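>>> Just need the structure, nothing else, for what follows:
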Amino acid sequence: MTAPIVPVRASYNDVVDAFAWLIPEAFNIGVACSDAQPAADTAVIEFDPAGQHRSHTFGALADSSSRLANALLGLGLETGDRVAILLPQSFAAAVAHLGIYKASLVALPLSPLFGPEALQHRLADSGARAIVVSGDLVDTVAAIAGALDIVVIAHGDDPVGAHRHLADLLAAASGSCPPQTTTAESAAFVIYTSGTTGAPKGALHAHRSLFGHLPGFELSHSYFPQPGDAFWTPADWAWIGGLMDALLPTLYLGRPIVAGPRARFDPELAVRIIVETGVRNVFIPPTALRLMKAAGVLLPPGTLRTAMSGGEALGADTLEWAHASLGVTIAEIYGQTEANYLVGNAPDLWDVRPGSMGRPYPGHTVAVLDEQGERLAPGEVGEIGLLTPDPVAFLGYWNADEATAQKFTGAWLRTGDLATCDDDGYLWFKGRADDLIISSGYRISPVEIEQCLSRHPAVATVAVVGVPDALRGQLVKAFVVPIGVGDATLAKELQDFVRRQLAAYEFPREIEFVHELPLTVTGKIRRGALRS
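Numbers count the residues shown, from 1 in each chain. I've put the predicted structure just below:
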């Protein structure tokens, strides 16, 4: 199960020509990432700031995830039911994911950064039947779960005390893996992605998605796994990047993943995590790398073997700094929630060109398209598209057939990102085809923030855009027509309102009060005029 799926030490063209997908008809991520691994090997290392790091074996992961699978089935959940996970990086989070997959259920990863409004929409829209939640967040979800008839399974200290407890369920359940009913095409997880129109949509992925991520993962990390490899990312496992660019590929390939504390990114703490737990491979988003650069941190020579980054362009200066201070060549990668890890770099296979997104990884046919879905010539600006079928492509948006259809032109899945392609097949990012904001690697819907702010009694109307920022790539900025006086006090109140209702990374860092908003003749907001 852990052999590399790409030829070693070959040219780019040789690898692409020789590649073929080998995906079994019957496949289950939970079994492949635990029971199929050597039981005595380390699977998860939980970092403790006090230095008391705790290691868990694949055997323990297999046993606990099977117990959870049986417990969930014992609660009456049936194939395809959605189970939410609201946990920080931890052994429990890994258990929750694999247990849900083993039970033929669908995981709904949720970020601990989400406020009640964001949680309400995702839990209600997905029709979640249960949620596994850390004790400190039970109060946040209790009322929502009660109204939606969702079973709450608390992990750790539970301040409410009226819910089922994960430890009790695991202790009472069987450790035998339940019979598998999933195929590679069966639904495995749904991750909500911020669109530019309407509420966030759930991108539903199959068990085969793991295979679709492996070529990029193995190559961007120099033929991962190698002896001694151990992986860490500060990215939340609730995101497609943290889940499919780190947690699941690492476990599937038989190496340990480090679970770090849930906190604001701290460059010095990042160095401690890497050094103290023996991390050799990392996925660090661009904003975090820039924070490390600004803090002047260094790693002892030879600490890291590989490093990958994605979400926004790094720039030559950050690449040069990483090579000098971290001792690695950063492999930039590109993807999105609907189709991830499509394009990127492989330092052992082709040269990294600063500013480029890299080349399509083997197995993925990626092209720059015009509006009709035809390939454009090198140098022409168009939309990045993925030719389907492809195992990394999503099954569709949850309960949104029309939105799913709009994502495709024929067999091409359209990303909404604009780029050019040069004569050597390198892609160069040119911007978004829509109004999505990309800040610190998060993909943020302006519409969701506008809808939130519009519910504040002091807001008459509002428009949200992304504005350039040297650290985060873009900042969220809100133009607000106030009811009454718009001042610094109201601006702070509106920022806190969004932070509480949505997520900390979505609040508008800049608010400008205006008398009116620029509109088209049909009454739509002219966001382009606001950005300029």
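>>> Okay, now the unreliable bits of the stretch 1-150 of the chain?
Per-residue confidence for the stretch 1-150 of the chain (pLDDT under 70) gives these ranges: 1-9.
>>> Would you map the helices across it?
Ranges of helices within the stretch 1-150 of the chain are 12-18, 29-32, 58-74, 91-102, 116-126, 138-148, based on DSSP state H, counting those that start in this stretch.
>>> For residue 406, find the nearest of the ones you listed.
helix 116-126 (17.8 Å; Cβ to Cβ). (Each C-beta comes from the backbone N, C-alpha and C, glycine too.)
>>> Can you give me the buried ones in that closest one?
Residues of helix 116-126 classed as buried by neighbour count (16 or more other Cβ atoms under 10 Å): 117, 118, 119, 120, 121, 122, 123, 125, 126.
>>> rewinding a little: out of the helices of the stretch 1-150 of the chain, nearest to residue 307?
helix 12-18 (20.4 Å).
>>> tell me how far the closest one is from the chain's mean position?
Centre-to-centre, helix 12-18 and its host chain are 28 Å apart (Cα atoms, centre = their mean, to the nearest Å).
>>> ditto for stretch 59-71
24 Å.
>>> Tell me which residues are up against that stretch.
For stretch 59-71, contacts defined as Cβ atoms under 8 Å, 6 or more residues apart in numbering pick out 30, 33-35, 37, 39-40, 43-44, 91, 94-100, 102-103, 166, 169-178, 251.
>>> in the stretch 351-500 of the chain, which spans are helices?
In the stretch 351-500 of the chain, the segments counted as helices under DSSP H, counting those that start in this stretch are 401-406, 446-454, 488-501.
>>> which stretches of this structure have low pLDDT?
In the chain (pLDDT under 70), the answer is 1-9, 158-162, 194-198, 519-525.
>>> Domain-wise, how is it divided?
56-207, 437-531 (automatic domain parsing).
>>> Can you say which of these is nearest to residue 383?
domain 56-207 (14.0 Å).
>>> Quote the end-to-end distance of that closest one.
Taking Cα to Cα, to the nearest Å, domain 56-207 runs 24 Å from one end to the other.
>>> Distance from the chain centre to it, please.
Relative to its chain's centre, domain 56-207 lies at 16 Å (Cα atoms, centre = their mean).
>>> Neighbours of residue 334, how many?
By other Cβ atoms under 10 Å, 27 other residues sit near residue 334.
>>> for it, which residues make a bridge with it?
Judged by DSSP bridges, the bridge partners of residue 334 are residue 343.
>>> quick revisit: can you lay out the domains of the chain as TSV showing distance to residue 404?
Converted to TSV, these look like this (distance: least, Cβ to Cβ, whole Å):
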stretch	distance to residue 404
domain 56-207	9
domain 437-531	17
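>>> Of those, flag the one that's most buried.
Mean neighbours per residue, mean count of other Cβ atoms under 10 Å, is largest over the domains of the chain for domain 56-207, with a mean of 21.
>>> if I look at the closest residue to residue 278 other than its chain neighbours, how far off is residue 42?
Counting by Cβ to Cβ, 6 or more residues apart in numbering, residue 230 is the residue found nearest to residue 278 once chain neighbours are left out, at 5.3 Å. Per Cβ to Cβ, to the nearest Å, residue 230 is found 8 Å from residue 42.
>>> Might you report the residue contacts of residue 417?
Contacts for residue 417 (Cβ under 8 Å, 6+ apart) come out as 334, 336, 383, 384, 429, 431, 432, 433.
>>> just checking, the fourth one touches residue 418?
Looking back up the chat, that one is residue 384. Yes. Applying Cβ atoms under 8 Å, one finds residue 384 in contact with residue 418, separated by 7.4 Å.
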